[in-house]
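> Coordinates only, no sequence provided:
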């Protein structure tokens, strides 16, 4: 009897074991079937989301381009505008086959986002080349930056403003926020140099979609201090590609400059845009070979703007 009972228990044990193995196999099979399906659904949702983002970016760029065209902007890869008369004159000259006479071309080299570790070296190059330029600076309170502000002015360059903080959400939050940021930099630059700045460049340009108030409201704040705003019509390719080669940068800028009788070139004075410093001597040399007039901004310049309010 004991032997029969032991045999029966063993048989039951084997049955239970077989059932467990079957359940395990079935569960694994279900997982192997379900997991790829879940993963596929997740990937499809992710791809769809990315596609929507791409479409939004493309649509946003198309809208920006349409707005620029409607306001008289002539663009090429984030290129700013000149006045209608200047564009017409440029296109007419190019169409006639003669281009714009090099001896009549005025080029304004402008450097954004400083002072930084490259500012002194940029100033050294300009001094060696006998060239005056314009610096659109941000607000920095350290002794080096204050020294650079003063050196820019003392060496005959134009010192312009590019906002104190350069933080879009802060600057463009409201007219009051813009005014506070502007006045802080305006006074700080006077304290550092003994001279009030006369030029302002909006972070992102005057057509930036980040402004939560109208451009007119912000410009009126500048005008109360007799400050003019200006954009650019030639932009460094380093803006789109920080790893651009020296030759590509020089050639691209030279090709763009030749389209305008008055070219305002936007370059960087920032450590994360090193090619400006490396390419600057070659760029100046080529412009001098073309007999271009390299000048700092002054109040006689017709402002190059995305949006012509004045």
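Arrived safely. As the structure is a prediction and not an experimental result, all values here were calculated from the model.

> switch to C-alpha atoms for all contacts and neighbour counts from now on
Noted.

> centroid residue for this protein?
For the chain, the residue sitting closest to the mean C-alpha position, by CA atoms, centre = their mean, is residue 239 at 5.6 Å.

> Next, find the distance separating it from residue 212.
Using CA to CA, to the nearest Å, we find residue 239 at a distance of 24 Å from residue 212.

> what does residue 170 give?
11 Å.

> Now do the buried residues in stretch 174-192.
Neighbour counts over stretch 174-192 (16 or more other CA atoms under 10 Å) mark 174-175, 178-179, 181-183, 185-186, 188-189, 192 as buried.

> So which of these sit within helices?
175, 178-179, 181-183, 185-186, 188-189, 192 (DSSP state H).

> Present the residues you listed as TSV; the columns should include pLDDT.
Output for these, formatted as TSV (pLDDT from 0 to 100):
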residue	pLDDT
175	96
178	97
179	98
181	98
182	98
183	98
185	98
186	98
188	98
189	98
192	98
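
> can you put the residues you listed in a markdown table and add distance to residue 254?
Putting these into a markdown table (distance: CA to CA, whole Å) gives the following:
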| residue | distance to residue 254 |
| --- | --- |
| 175 | 38 |
| 178 | 35 |
| 179 | 37 |
| 181 | 35 |
| 182 | 33 |
| 183 | 36 |
| 185 | 33 |
| 186 | 33 |
| 188 | 35 |
| 189 | 32 |
| 192 | 35 |
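
> so where's the stretch 101-250 of the chain uncertain?
For the stretch 101-250 of the chain, applying pLDDT under 70 flags the ranges 101-103.

> Can you show me the helices along it?
119-129, 143-154, 168-171, 175-193, 215-223, 246-257 (DSSP state H, counting those that start in this stretch).

> Of all those, which one comes closest to residue 14?
helix 168-171 (71.0 Å; CA to CA).

> chain center to that closest one, what's the gap?
15 Å (CA atoms, centre = their mean, to the nearest Å).

> Going by neighbour count, list what's buried in that helix.
Buried, per 16+ other CA under 10 Å, within helix 168-171: 168, 171.

> contacting residues around that helix?
Applying CA atoms under 8 Å, 6 or more residues apart in numbering, the contact partners of helix 168-171 are 163, 165, 177-178, 181, 203, 210.

> re the thing from before, arrange the helices of the stretch 101-250 of the chain in a markdown table, one row each, with distance to residue 199 as further columns.
Shown next, in a markdown table, are the helices of the stretch 101-250 of the chain (distance: least, CA to CA, whole Å):
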| stretch | distance to residue 199 |
| --- | --- |
| helix 119-129 | 19 |
| helix 143-154 | 13 |
| helix 168-171 | 17 |
| helix 175-193 | 10 |
| helix 215-223 | 9 |
| helix 246-257 | 22 |
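
> Looking at those, spot the one closest to residue 27.
helix 168-171 (52.9 Å).

> List the residues that contact residue 249.
236-238, 275, 279.

> Residue 124: which of the residues you listed is nearest?
After measuring those against residue 124 - CA to CA - the closest member comes out as residue 279, at 13.8 Å.

> circling back to that earlier point, can you list the buried residues of stretch 174-192 in JSON lines and add distance to residue 130?
Output for the buried residues of stretch 174-192, formatted as JSON lines (distance: CA to CA, whole Å):
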{"residue": "174", "distance to residue 130": "41"}
{"residue": "175", "distance to residue 130": "40"}
{"residue": "178", "distance to residue 130": "36"}
{"residue": "179", "distance to residue 130": "36"}
{"residue": "181", "distance to residue 130": "34"}
{"residue": "182", "distance to residue 130": "31"}
{"residue": "183", "distance to residue 130": "32"}
{"residue": "185", "distance to residue 130": "28"}
{"residue": "186", "distance to residue 130": "28"}
{"residue": "188", "distance to residue 130": "28"}
{"residue": "189", "distance to residue 130": "24"}
{"residue": "192", "distance to residue 130": "24"}
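
> And those residues, which two are furthest apart?
So, the buried residues of stretch 174-192 by CA to CA: farthest apart are 174 and 192, at 27.4 Å.

> before we move on, back to that, so which of the helices of the stretch 101-250 of the chain is nearest residue 104?
Here helix 246-257 is closest among the helices of the stretch 101-250 of the chain (CA to CA), at 12.5 Å.

> Give the next helix or strand downstream of that closest one.
strand 262-268 (DSSP states H and E).

> Show residues contacting that next one.
Contacts of strand 262-268 (CA under 8 Å, 6+ apart): 86, 105-114, 231-236, 253, 257, 276, 304.

> what's the distance between it and the middle of its chain?
13 Å.

> what packs against the helix or strand following that strand?
Downstream of strand 262-268, the next assigned helix or strand under DSSP H and E is helix 275-289. In terms of contacts (3 or more CA pairs under 8 Å, 6 or more residues apart in numbering; DSSP states H and E), helix 275-289 is packed against helix 119-129, helix 246-257.
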